[in-house]
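**Student:** model the following, please.
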Amino acid sequence: MIQTARFTDEPTPKMPRLGIALSFQRRPDLGEGFDRAYQEGLELAAEADRLGIDDIWLAEHHGEEDGYNPSPFVTAGAIAGVTRGVRICFGIALAPLQGHPLRIAEDLAVLDNLSDGRIEPGFGQGYRPEEFAAQGADYGRRTRALRECLDIVDTAWTGERFDYEGELYQVSGGLLRPTPIDPTRRPPLWLGAAAPRSRARAAARGAGLCIAPLTAIGHTARQFQAYEAAVTAAGQQDYLPHALYREIEVGDSNEEALAAFEPYLNHVYRVQYAPERTGLTYKDPATGEQRALTSDDPYYLSRQFIDDRWAIGSVDHCVDLIDGWLDTMRLDRLVFHPKPAGRSLAEAVRAMARVTQVLWPALRARRDPDHDHHGHHHH
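**Tutor:** Numbering: from 1, shown residues only. Below you'll find the predicted structure:
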């Protein structure tokens, strides 16, 4: 069977698709329950769908005290049930920790059918040894595990019976039922690939590339350009979309937006992803020297740091920044976090509505002046 491209994205859109990330975290220090974090996450997904958000992105980690979602497949099924239009994307699931790849393919095929073809898997190999130790999984073979997983999922997706003889996984007479809705299209596939070797592999696979929120914009643009070069070098004819995670918060003024969002920034980037844990470095523009960032570094989470990466401020400020990003790089999907741990559902919905109803029309008016402004937002 001849299989077509993984993605149906229109090449080089004037405006990227807009997505939200959901990780279902709670703030243990605020006495929030896990149940509330998960149920409100689902309500947020339903509200996002009503507000015309295009994509919902799910991540995966294990054993985190804040309840960070360890089970993107289960939450994807729940989201499929409360939404009609959004695509449900993994950004990203940890292939080596999800069990046998045929089992993964089955879950994806069920999700594809449940959601009427709205599922977009994304996989990574994982980077935290303790997550592997907890499951007795071999951290040293994680790259191989990811590779065999992608092979098996792609082969199973055709709906034909197959055998597979890998170093880690074997399939004898495997048959994927239900088949996905369209077995002639390869499953959409997102990969996070920062290193040149993994970029080359992702390009050869025909994967879309997603980049996490901490990279400075200039560096991000270079990463996407390097990926484009890898795609060309791999002789890849398909259009492979780019997805970018950013923090976006719109307020009446720059100060007001930052004041509203700062408690969450501080929790996420000083506690959950403190630079000591992420290994973030910074190149001092004055001296040109590269140094490791620490939580108490004056540049870290300063206004300069924020504007180098994110759009937090007045409508005009955010439009200026995002307009600049779109001039600097090709962006197909832009993903933000309206509900960091500890933020109430009502606040998260308001923040999301400001992005969809105020920021996005203002950005569209600048990027695409010929656009029919009375046109209904459609998926």
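**Student:** going forward, measure contacts between C-alpha atoms and count neighbours the same way
**Tutor:** Will do.
**Student:** can you tell me how far Asn254 is from Tyr299?
**Tutor:** Noted for Asn254: a distance of 18 Å to Tyr299, by C-alpha to C-alpha, to the nearest Å.
**Student:** higher neighbour count, those two?
**Tutor:** Counting neighbours by other C-alpha atoms under 10 Å for Asn254 and for Tyr299 shows that Asn254 has the greater number, 19 against 15.
**Student:** element containing Gly218?
**Tutor:** Following DSSP states H and E, one finds Gly218 within helix 217-233.
**Student:** report the buried residues of that helix.
**Tutor:** For helix 217-233, the neighbour count (16 or more other C-alpha atoms under 10 Å) marks 217, 220-221, 223-224, 226-228, 230-231 as buried.
**Student:** over to stretch 151-170?
**Tutor:** 152-159, 164, 169-170.
**Student:** which among these gets closest to Arg27?
**Tutor:** Val153 (35.7 Å; C-alpha to C-alpha).
**Student:** the closest one against Leu102, yeah?
**Tutor:** Yes - counting by C-alpha atoms under 8 Å, Leu102 is a contact partner of Val153 at 6.5 Å.
**Student:** where does the stretch 1-150 of the chain have low pLDDT?
**Tutor:** 1-2 (pLDDT under 70).
**Student:** which residues of it fall in helices?
**Tutor:** 34-50, 72-82, 101-114, 129-135, 142-157 (DSSP state H, counting those that start in this stretch).
**Student:** just send these back as a markdown table, with distance to Asp307 too.
**Tutor:** Shown next, in a markdown table, are the helices of the stretch 1-150 of the chain (distance: least, C-alpha to C-alpha, whole Å):
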| stretch | distance to Asp307 |
| --- | --- |
| helix 34-50 | 26 |
| helix 72-82 | 31 |
| helix 101-114 | 38 |
| helix 129-135 | 33 |
| helix 142-157 | 34 |
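**Student:** out of the ones you listed, which comes closest to Ala348?
**Tutor:** helix 34-50 (7.7 Å).
**Student:** C-alpha coordinates for the closest one, PDB please?
**Tutor:** Extracted C-alpha coordinates of helix 34-50, given in PDB (Å, rounded to 0.1, in the frame of the first residue of the first chain):
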ATOM      1  CA  PHE A  34      -5.300  15.700  41.900                       C
ATOM      2  CA  ASP A  35      -8.900  15.100  41.000                       C
ATOM      3  CA  ARG A  36      -9.600  18.800  40.700                       C
ATOM      4  CA  ALA A  37      -6.600  19.300  38.500                       C
ATOM      5  CA  TYR A  38      -7.700  16.500  36.100                       C
ATOM      6  CA  GLN A  39     -11.400  17.500  36.000                       C
ATOM      7  CA  GLU A  40     -10.600  21.200  35.500                       C
ATOM      8  CA  GLY A  41      -8.200  20.200  32.800                       C
ATOM      9  CA  LEU A  42     -11.000  18.500  30.900                       C
ATOM     10  CA  GLU A  43     -13.300  21.500  31.400                       C
ATOM     11  CA  LEU A  44     -10.600  23.700  30.000                       C
ATOM     12  CA  ALA A  45     -10.300  21.400  27.000                       C
ATOM     13  CA  ALA A  46     -14.000  21.700  26.300                       C
ATOM     14  CA  GLU A  47     -13.800  25.500  26.700                       C
ATOM     15  CA  ALA A  48     -10.800  25.700  24.400                       C
ATOM     16  CA  ASP A  49     -12.800  23.800  21.700                       C
ATOM     17  CA  ARG A  50     -15.600  26.300  22.100                       C
END
